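> Any chance you could fold what I've pasted below:
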Amino acid sequence: HSGQVCCDATRWIVHESIIDRFTAACVEKMKDLKIGHQLDSTSQMGPVVSSKQQSRIKDYIKRGQDEGAAIVPDSDVAIIPEGNGSYVKPTLLSGSLDNVAAREEIFGPVAFLTPFDNEEQAIALANNTEYGLANSVWSKDLDRARRVAEKLVAGNSWINAHNLFYHGVPYGGINKSGLGGGVLSSETFMDYSRGLSVVRPL
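Model (predicted):
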């Protein structure tokens, strides 16, 4: 989907003790991505939906750099096909989450990386957004991961997974990401109904 999914993980908040190893591993994966036509079974990433969206994504990357973000070295070197197709190289930016490329929804193969040094800071960074659809918490300490996930302001929190959907578990967002409720569950019916209060004195 080339990053064009509303619940994609686009802000990566990584502990400073592992951020160098994490970044290096990501870059290795990104360098080797096979980008091509979506009907080519060997392709790992296809084009974005239109040339307009392609230009929009590239503009966000430029605006992010203008505001001080840096492109992580070698994160944007994947080879894109020549000729027709609205392809965008996957790109990893780093810097402050106040940057426009971290604050706003890009809907493209762009992620933003920033470090944290303690649990409270990680929660504050994650919650410092106008949106509230989804997030994921990654840790070997499952009790800690659950504690953090419960403090994150979003409709969905996954632990050691991302974009994990189960029927019967509500999926919805808050803030600019929705009005609550959720698909995939009985709560969906609330979208097609309205409440009625009937009151009489005793």
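> And the helices in the protein, which stretches?
19-31, 51-66, 100-103, 119-127, 142-151 (DSSP state H).
> Bridged to Pro115, which residues?
Val14 (DSSP bridges).
> Quick check: it touching Glu16?
Yes: counting by C-beta atoms under 8 Å, Pro115 sits close enough to Glu16 to count as a contact (4.2 Å). No exception for glycine: its C-beta is placed from N, CA and C like everyone else's.
> For stretch 98-112, measure first residue to last.
End-to-end distance for stretch 98-112: 11 Å, by C-alpha to C-alpha, to the nearest Å.
> got the contact list for the helix or strand bottoming out on mean pLDDT in the chain?
One helix or strand of the chain scores below all others by mean pLDDT, DSSP states H and E: strand 156-159, with a mean of 93. Strand 156-159 is contacted from outside by 7, 133-139, 142, 145-146, 149-150, 164, 171-173, using C-beta atoms under 8 Å, 6 or more residues apart in numbering.
> Just the buried residues of the residues you listed.
7, 133-139, 145, 149, 171-173 (16 or more other C-beta atoms under 10 Å).
> burial measure for Arg63, as a count.
Each residue near Arg63 was counted by other C-beta atoms under 10 Å, and the total is 14.
> cool, Asp8 as well?
21.
> Could you list the domains of the chain?
1-117, 122-202 (automatic domain parsing).
> Kindly check the end-to-end length of the longest one for me.
Yep, that's domain 1-117 we're talking about. End-to-end for domain 1-117, by C-alpha to C-alpha: 32 Å.
> likewise stretch 139-159?
Using C-alpha to C-alpha, the two ends of stretch 139-159 sit 8 Å apart.
> circling back: closest to Pro90 out of the helices of the chain?
Between Pro90 and these, the tightest spacing by C-beta to C-beta is seen for helix 19-31, at 5.1 Å.
> Show me what the closest one is packed against.
Contacts defined by 3 or more C-beta pairs under 8 Å, 6 or more residues apart in numbering; DSSP states H and E place helix 19-31 against strand 11-15, strand 91-94, strand 110-116.
> Same list, these, but as CSV with mean neighbour count please.
What follows is these, written out as CSV (neighbours: other C-beta atoms under 10 Å):
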stretch, mean neighbour count
strand 11-15, 18
strand 91-94, 23
strand 110-116, 21
